[in-house]
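# coordinates only, sequence not included:
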């Protein structure tokens, strides 16, 4: 897959099951925003059978590692 967003840190794609404090988040892929800001290229490593998809901006965690939420 060609990516024009080589210098961008990808957003995390998660499947979320449950609600609130009982929600279980599983990272299943990454998303890169289009240059015009009107869409995303999404690459999934698995397909969810249940739950909802959530795309989150990357944020630096302690130690510089990526954290999804």
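Arrived safely. Please read these numbers as outputs of a predicted model, since none were measured by experiment.

# From here on, just use CA atoms for contacts and neighbour counts.
Fine.

# Start and end of stretch 48-57, how far apart?
20 Å (Cα to Cα, to the nearest Å).

# Tell me where the model's unsure across the protein.
Along the chain, segments meeting pLDDT under 70 span 1-7, 61-69.

# Could you measure from residue 22 over to residue 55?
Residue 22 is 19 Å from residue 55, by Cα to Cα.

# More neighbours: which of these two?
Between residue 22 and residue 55, residue 55 has the larger neighbour count (other Cα atoms under 10 Å), namely 19 against 8.

# now the more buried one, which residues is it bridged with?
Assessed by DSSP bridges, residue 55 has beta-bridge partners residue 13.

# The chain: strands as residue ranges?
Here the chain has its strands, by DSSP state E, at 11-17, 24-33, 40-44, 52-56, 59-60, 66-67.

# which of those is buried the deepest?
strand 11-17 (a mean of 21; mean count of other Cα atoms under 10 Å).
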